[in-house]
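Student: For reference, the sequence and a predicted model appear below.
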Amino acid sequence: MNQPAVNWQEALSDIISAFGCTTGTLHFLDKSTGLLKLQAHQGLPAFLLPKMSEIPLGKGMAGIAAERRQPVEMCNLQTDDSGVARPAAKDTKVEGSIAVPLLLEGELYGTLGIAKPVPYDFTEKEVADLMGIGAEISHFIRSNSVQL
């Protein structure tokens, strides 16, 4: 990520693959609107893209991870009844899923979400690795003044 420009789609695809997942999203925070804006995605049905393109803080897994500045995980999104996952999220057909905030020195830059098609609990090491990846992405955004 030390390049002047990052292919976020390729980066997301590499992250998804490294964690044995099939689906993922990368959202950056638009500080002027307070919305998470979709930068890259993989494995999402086309009809969900309009709902995923902009996410308010506090809505859905990504929005809650951003608002709380903590990972939000579900072993099986399909059977979740907590209200954290939005109803349309079940249309992704994924089960084990996690959304982590992109944080650097306490500042929020966006969210990263990945998911598997089977029930799954991410390990503490996997969560820590994802948070580390989030910090690296955040560092790039801050250092390069990425514009949305």
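Tutor: Thanks, I have the structure now.

Student: List of residues touching the lengthiest helix in the chain?
Tutor: What stands out as the longest helix in the chain, according to DSSP state H, is helix 124-144. By C-beta atoms under 8 Å, 6 or more residues apart in numbering, the residues outside helix 124-144 that reach it are 1, 4, 6, 11, 15, 19, 26, 28, 71, 73, 98, 100-104, 107, 109-110, 112, 114, 122, 146. Every residue, glycine included, has its C-beta placed from N, CA and C.

Student: quick one: the helices in the chain?
Tutor: 8-18, 49-52, 60-68, 124-144.

Student: picking that back up, what pLDDT, on average, does the longest helix of the chain get?
Tutor: Mean per-residue pLDDT for helix 124-144: 94.

Student: Would you confirm that Ile16 contacts Ile114?
Tutor: Yes. Using C-beta atoms under 8 Å, Ile16 makes contact with Ile114 at a distance of 5.5 Å.

Student: intersection of neighbour lists for the two?
Tutor: Contacts common to Ile16 and Ile114, judged by C-beta under 8 Å, 6+ apart, are Thr23, Gly24.

Student: quick one, which of these two is more surrounded?
Tutor: Ile114 (29 against 23; other C-beta atoms under 10 Å).

Student: residues in contact with the more buried one?
Tutor: Ile15, Ile16, Phe19, Cys21, Thr23, Gly24, Ser97, Ile98, Leu130.

Student: Out of those residues, which two sit at the greatest distance?
Tutor: Pairwise distances across the contacts of Ile114 (C-beta to C-beta) peak at 14.4 Å, for the pair Thr23 and Leu130.

Student: Compare those two (neighbour count), which wins?
Tutor: Shown here are Thr23 and Leu130; by other C-beta under 10 Å, Leu130 has more neighbours (22 against 19).

Student: Can you get me the centre-to-centre distance for the worst-scoring helix or strand of the chain on mean pLDDT and its chain?
Tutor: Lowest on mean pLDDT, DSSP states H and E among the helices and strands of the chain sits strand 72-74, with a mean of 81. Strand 72-74 has its C-alpha centroid displaced from the chain centroid by 11 Å (C-alpha atoms, centre = their mean, to the nearest Å).
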